[in-house]
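Chemist: below: sequence and its predicted model.
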Amino acid sequence: MTLNSEISSRIRDYRPRLPHQRWTPVADQVRATVAAAVPATCYEARRLLYVVGRLAVWADSGGLPRDPGVWLRTETIDAFVLSGCPGLDGSTVQTCRTWLRRTREALVWVERGEAPPVRIASPRKPQPPYEQGELARLRDWAGHPPGRARLDGHRGWPPCLL
């Protein structure tokens, strides 16, 4: 897949607010990584440039090889997040972690031709598994079997629900 000229120029012209001497050694690899990942993700190039650039500079300053394959390892991403993602705060850190992991998935998919993994999501506020009417029918059902089966059917129910 090819990038349109606007995205290509945005990637090529990207300059982060980082010291020049820290950015320059990793700049070309960051740009190439983002150019390869952008078509396979739903994120804007500028956002990926920001987080991949931060990760690359952090990894380089920590003595890791200048290799996107090393930067985007799960353990490197997690170490970056646990270090506090220098320059980031709060929920932004978790958002950056997500962007980095999606970048990794996109590149694995591109390199190996594999489908990206299925993303499973759940609501932040869990819902109870049964509604009150369903609980009443279950209690009623559990009270009908004879003898020991009825006792087993009521086992585990909190006393307030019996």
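Modeler: Ah, there it is. Numbers count the residues shown, from 1 in each chain.

Chemist: can you verify my assumption that Arg102 contacts Val38?
Modeler: No. Using CB atoms under 8 Å, Arg102 is not in contact with Val38; the gap is 10.9 Å. The way it works is simple: take the backbone N, C-alpha and C, and place the C-beta from them, glycine included.

Chemist: can you tell me what sits against stretch 7-25?
Modeler: 3, 31, 34-35, 38, 45-46, 49-50, 53-54, 57, 60-61, 66 (CB atoms under 8 Å, 6 or more residues apart in numbering).

Chemist: report pLDDT for the residue nearest the centre of the chain.
Modeler: For the chain, the residue sitting closest to the mean C-alpha position, by CA atoms, centre = their mean, is Thr98 at 2.8 Å. At Thr98, the pLDDT value in this model is 87.

Chemist: name the helix or strand for it, please.
Modeler: Using DSSP states H and E, Thr98 maps to helix 91-112.

Chemist: on that earlier part again, which neighbours do Arg102 and Val38 share?
Modeler: With the criterion set as CB under 8 Å, 6+ apart, the contacts of Arg102 and Val38 do not overlap.

Chemist: so for these two, which sits in the more crowded spot?
Modeler: Higher neighbour count among Arg102 and Val38: Val38, with 24 against 19, using other CB atoms under 10 Å.

Chemist: can you tell me the closest non-neighbouring residue to the more buried one?
Modeler: Nearest residue to Val38 in three dimensions, chain neighbours excluded: Ala45, at 5.0 Å (CB to CB, 6 or more residues apart in numbering).

Chemist: start and end of stretch 76-93, how far apart?
Modeler: Taking CA to CA, to the nearest Å as the measure, stretch 76-93 stretches 14 Å from start to finish.

Chemist: and if you look at stretch 60-69?
Modeler: End-to-end distance of stretch 60-69 (CA to CA): 13 Å.
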